[in-house]
Every structure is written in structure tokens, then in C-alpha cells.
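*Asks:* need coordinates for the below:
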Amino acid sequence: MAFGNRFGGGGRSQKKPQSRTANSGGTAGAIIGSGVALVKPTVTDAAHVIRLPATVVGHEIMIMPAVDANYELRATGASIKINNTAVTNGSAADTKELLVNSANALHCICTSATTWVVTKITNVGARSAGGTPDGV
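*Replies:* So this is what the prediction gives:
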């Protein structure tokens, strides 16, 4: 795997999550950094967005529960899918987004140059499908 240990890079363990603040366009401070394995989102509005980084096959990200508000998850890049649903077009414009319940953690895995698979983990530890993205 390109990133070494699961949820850590190159044999190191990430001890502190990267903080990301959701915003209306999923820009700047809402974009998860390349190679980041653990994210703590700050969300104040259910219409705000956290954005996955550019795809790198094998990249795994755990996104902790947001607690304060639901949010939308979007991808970065052209012709990207989340859970087998196209979320960006060939020009990298957003076409769909995944609604995330504030109580859920997410496990995101990049499985190809154009695909993220996202599962959710509820506050009681139950894993399930991450859902189907819908219109922006």
C-alpha cells in the first residue's frame, strides 16, 4: 500500500487529526490534505462542504464525527465517483455530493484514479454503506 501502515504514513502513526472547517464551496480550509489519514471536521451549517483530496489509489482517510451539524462530502478532480456515483464532471465541476450525518464517522478509500468508496460508522460502531450522492 502506498501509504505504509493503515491510517498512518510510512511506518509512522498520525496522532493528531487534521482539522478541516466546512464551508459553502468546499474550498481552502475545507479540503483534506494529500496523504492525510485522520480528519476532524468543524461544521456549523448543513449546506457546508468538506472535500476529499485528489485521488491516489490506496489512500485511506477516517473522518471523525462532526458533532455540531450535518455536512456534505465532495471530491476533487475530473470525472470522480463516490460510491459508484459520478460527483464531478469531466471539467471537475461538482455535480453531486454525499450527505453526512453529524453523528457518523466515515471511512474513505481511494480504489482507483477516479473512485472513492465511503462507508459510515455510526455512534454505536455499526458499519454500513456510506450512501448515494445526490444533487449539489
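*Asks:* leaving out sequence neighbours, find the closest residue to Val49.
*Replies:* Excluding the flanking residues, the one nearest Val49 by CB to CB, 6 or more residues apart in numbering is Gly26, at 3.3 Å. The C-beta positions use only the backbone N, C-alpha and C, and glycine is treated the same way.
*Asks:* quickly list what Asn23 is bridged to.
*Replies:* Val49 (DSSP bridges).
*Asks:* sorry, that was for Ile63
*Replies:* Val39, Leu106.
*Asks:* follow-up on the earlier one: what's the residue nearest to Val49 sitting at in phi/psi?
*Replies:* Backbone torsions of Gly26, given as degrees, to the nearest 10, read phi 70, psi 40.
*Asks:* please, where are all the strands along the chain?
*Replies:* Assigned by DSSP state E, the strands in the chain fall at 18-21, 38-42, 49-51, 60-63, 71-74, 81-82, 85-86, 96-100, 105-112, 115-121, 127-129, 134-135.
*Asks:* tabulate those strands (a markdown table), appending distance to Ala30, mean neighbour count and mean pLDDT.
*Replies:* Below are those laid out as a markdown table (distance: least, CB to CB, whole Å; neighbours: other CB atoms under 10 Å; pLDDT from 0 to 100):
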| stretch | distance to Ala30 | mean neighbour count | mean pLDDT |
| --- | --- | --- | --- |
| strand 18-21 | 6 | 16 | 97 |
| strand 38-42 | 8 | 20 | 97 |
| strand 49-51 | 5 | 24 | 98 |
| strand 60-63 | 12 | 21 | 97 |
| strand 71-74 | 9 | 26 | 98 |
| strand 81-82 | 16 | 22 | 98 |
| strand 85-86 | 21 | 14 | 98 |
| strand 96-100 | 12 | 22 | 98 |
| strand 105-112 | 15 | 18 | 98 |
| strand 115-121 | 16 | 19 | 98 |
| strand 127-129 | 24 | 10 | 95 |
| strand 134-135 | 19 | 10 | 95 |
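*Asks:* now do the contacts for the residue most central in space within the chain.
*Replies:* Central residue of the chain (CA atoms, centre = their mean): Leu52, 4.4 Å from the mean position. Going by CB atoms under 8 Å, 6 or more residues apart in numbering, Leu52 touches 32, 61, 73-76, 82, 108, 116.
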